[in-house]
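J.: Generate coordinates for the sequence data below:
(2 chains)
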Number of protein chains: 2
Amino acid sequence: MAISLVGFDADDTLWHSESHFALTEDRFRALVSPWSERGETSERLLARERANLELFGYGVKGFILSMIETAIDVSDSAIPVEAIQQIVEWGKEMMAHPVELIDGVTDVLDTVGRSYRMILITKGDLFHQESKIAESGLAERFERVEILSEKSPRHYREVLSRTGVDASEFVMVGNSLRSDVAPVVEIGATGVHVPYTITWGHEQVADGSLDDRQGDRARTLATIRDLPTLLSELA
Amino acid sequence: MAISLVGFDADDTLWHSESHFALTEDRFRALVSPWSERGETSERLLARERANLELFGYGVKGFILSMIETAIDVSDSAIPVEAIQQIVEWGKEMMAHPVELIDGVTDVLDTVGRSYRMILITKGDLFHQESKIAESGLAERFERVEILSEKSPRHYREVLSRTGVDASEFVMVGNSLRSDVAPVVEIGATGVHVPYTITWGHEQVADGSLDDRQGDRARTLATIRDLPTLLSELA
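T.: Below is the predicted model of the structure:
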């Protein structure tokens, strides 16, 4: 195939993100442990996040609000208000947390950028994503940065139309089968899955759910360091 | 002057927004009235919003979090946790509130769109702004929709560079002197101020602060209905 454009997801593909959510969730489960055991807390939090997604969208602020509601809910309003302030503080820590690049990312972008146009495609909170992109020092390597509210086939089509690239010549790289691979395969592009050590419940898809349509257009790598080799094979 | 492009702000320019914030703030002041009188509550809330802006950015979710922190703060943690849930519910109502166009907007866009290229330039929460733009039914009238994290001279320059329009041929229309007029005048474009009935404290600028640089490049209209006439005069 001819490759014209390589798209990169950001959170958990270029830098660590889910690990900060997981750490905060761990603290949260300890905070509400007088009222709810850990497994139940996680289940109810995820259910709350999912219910709130259509109102709040993705990102830390929605996560904080979902934790607050879950805390009140599982404690039957018995949680002290100081604990609510604690949850807000955790959210602020997450928003202010320094960006930590994933091992190998800079080298890979150097290599891929010598042969292909590159674009950053992320979803979530505009303000927080922009902060992280600026802080990462990686922005100049990409010809565009697209921050989307959702990563649906329609959203990817719109991005490709803005770049003037045909889907058949587009390769998307990211840690989420649901957001970075399935929708691009659906529009006729190629998705490269580079799993992160942790996957948020909402992004998890059942094993094999992509099997019938993936073939050569959905690949998996153990580490992003293997991307240049894969692109050479695909090209 | 030659006018190539007319930019429109969205919240409080095309549709009502600040009135929903004001209504919620009114309920909030009543909620915490056992601990803080109304004027003091508003002052402390605004101070908290300003302090949180650099972490949370603009929008309803940050507003909710600032109300929660202010409630805990002014009550010295005496506020019941049920009141916190109430604040979150208000936030959800705001996020789900139907879009109400400001009188005359559709006619004005019809008229201006016959003579000029038009673009929507708004700031704030990506997810909420996209929802409102979609719901407004106005999106197709604009050649681009730009949702920014902030409206600084740099952000406007970037937007103009994406549209290929020179600042001297750009007119921006909006309700905020701080966000829609001052930064565009600074880059050599023209700003048209159409005040909304209410201005958020953070967007307020001292009277006369634009005087030394405005001249013909900063105009004020009583209503957006007067825009087509003003554009004819400017052209």
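
J.: any weak-confidence spans in chain A?
T.: Low-confidence segments of chain A (pLDDT under 70): A:205-215.

J.: Work out for me the element A:Pro84 sits within.
T.: You called it Pro, but residue A:84 is Ile. Following DSSP states H and E, one finds A:Ile84 within helix A:81-96.

J.: Domain-wise, how is chain A divided?
T.: Domain assignment of chain A by automatic domain parsing yields the ranges A:5-16+A:100-234, A:18-96.

J.: just the CA coordinates of the helix ranked longest in chain A, formatted as CSV?
T.: Counting residues, the longest helix found in chain A (DSSP state H) is helix A:38-56. The C-alpha coordinates for helix A:38-56 follow below in CSV (Å, rounded to 0.1, in the frame of the first residue of the first chain):
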residue,chain,number,x,y,z
ARG,A,38,-13.0,-2.2,45.9
GLY,A,39,-14.6,-4.3,43.2
GLU,A,40,-18.0,-2.8,43.7
THR,A,41,-16.6,0.7,43.8
SER,A,42,-14.9,0.3,40.5
GLU,A,43,-18.0,-1.1,38.9
ARG,A,44,-20.2,1.7,40.2
LEU,A,45,-17.7,4.3,39.2
LEU,A,46,-17.4,2.9,35.6
ALA,A,47,-21.2,2.8,35.4
ARG,A,48,-21.4,6.4,36.5
GLU,A,49,-18.7,7.5,34.1
ARG,A,50,-20.5,5.8,31.2
ALA,A,51,-23.8,7.4,32.2
ASN,A,52,-22.1,10.8,32.4
LEU,A,53,-20.1,10.5,29.1
GLU,A,54,-22.9,11.9,27.0
LEU,A,55,-23.2,15.0,29.2
PHE,A,56,-19.6,15.5,30.2
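
J.: For chain A, which segments count as strands?
T.: In chain A, the strands defined using DSSP state E lie at A:5-8, A:117-123, A:144-148, A:170-174, A:190-193, A:218-220.

J.: what's the spacing between A:Glu49 and B:Gln86?
T.: Distance, A:Glu49 to B:Gln86, using Cβ to Cβ, to the nearest Å: 20 Å. The C-beta positions use only the backbone N, C-alpha and C, and glycine is treated the same way.

J.: For the two, work out which one has more neighbours and name it.
T.: A:Glu49 (21 against 17; other Cβ atoms under 10 Å in any protein chain shown).

J.: What distance do you get for that one to A:Gly57?
T.: When A:Glu49 is compared with A:Gly57 (using Cβ to Cβ), they lie 11 Å apart.

J.: Spatially, what comes nearest to the residue located most distally from the centre of chain A if we skip its sequence neighbours?
T.: Distance from the C-alpha centroid of chain A peaks at A:Ala78, with 33.8 Å (Cα atoms, centre = their mean). Nearest residue to A:Ala78, sequence neighbours excluded (Cβ to Cβ, 6 or more residues apart in numbering or on different chains): A:Trp35, at 6.7 Å.

J.: just to revisit the earlier point, adding distance to B:Arg29, write the strands of chain A out as JSON lines.
T.: As requested, these are exported to JSON lines (distance: least, Cβ to Cβ, whole Å):
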{"stretch": "strand A:5-8", "distance to B:Arg29": "46"}
{"stretch": "strand A:117-123", "distance to B:Arg29": "36"}
{"stretch": "strand A:144-148", "distance to B:Arg29": "35"}
{"stretch": "strand A:170-174", "distance to B:Arg29": "45"}
{"stretch": "strand A:190-193", "distance to B:Arg29": "50"}
{"stretch": "strand A:218-220", "distance to B:Arg29": "54"}
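
J.: if you compare the ones you listed, which one is most tucked away?
T.: Highest mean neighbour count of the strands of chain A: strand A:170-174, a mean of 27 (counted as mean count of other Cβ atoms under 10 Å in any protein chain shown).

J.: Not counting it itself, show me its contacts.
T.: For strand A:170-174, contacts defined as Cβ atoms under 8 Å, 6 or more residues apart in numbering or on different chains pick out A:3-9, A:13, A:121, A:156, A:160, A:180-181, A:184, A:189-194, A:224, A:227, A:231, A:234.

J.: for stretch A:124-137, same thing?
T.: Contacts for stretch A:124-137 (Cβ under 8 Å, 6+ apart): A:10-11, A:14-15, A:57-62, A:95, A:98-99, A:101, A:120, A:122, A:139, A:145, A:147, B:56-58, B:125-127, B:147-149.

J.: list the buried ones in that stretch?
T.: For stretch A:124-137, a neighbour-count test (16 or more other Cβ atoms under 10 Å in any protein chain shown) marks A:124-133, A:136 as buried.

J.: Check stretch A:69-83 too.
T.: A:69-75, A:79, A:81, A:83.

J.: those helices in chain A, which residues are they?
T.: Taking DSSP H, the helices of chain A run over residues A:18-31, A:38-56, A:60-74, A:81-96, A:105-115, A:126-136, A:153-163, A:182-186, A:211-214, A:227-234.

J.: hmm, who's touching the fourth one?
T.: Applying Cβ under 8 Å, 6+ apart, the external contacts of helix A:81-96 come out as A:20-21, A:24, A:27-28, A:31-32, A:60-61, A:63-64, A:67-68, A:71-72, A:128, A:131, B:55-56, B:65, B:68-69, B:72, B:75, B:77-81, B:84.

J.: run the last query once more with 7 Å
T.: Here helix A:81-96 makes contact (Cβ atoms under 7 Å, 6 or more residues apart in numbering or on different chains) with A:20, A:24, A:27-28, A:31, A:60-61, A:64, A:67-68, A:71, A:128, B:55-56, B:65, B:68-69, B:72, B:77, B:79, B:81, B:84.
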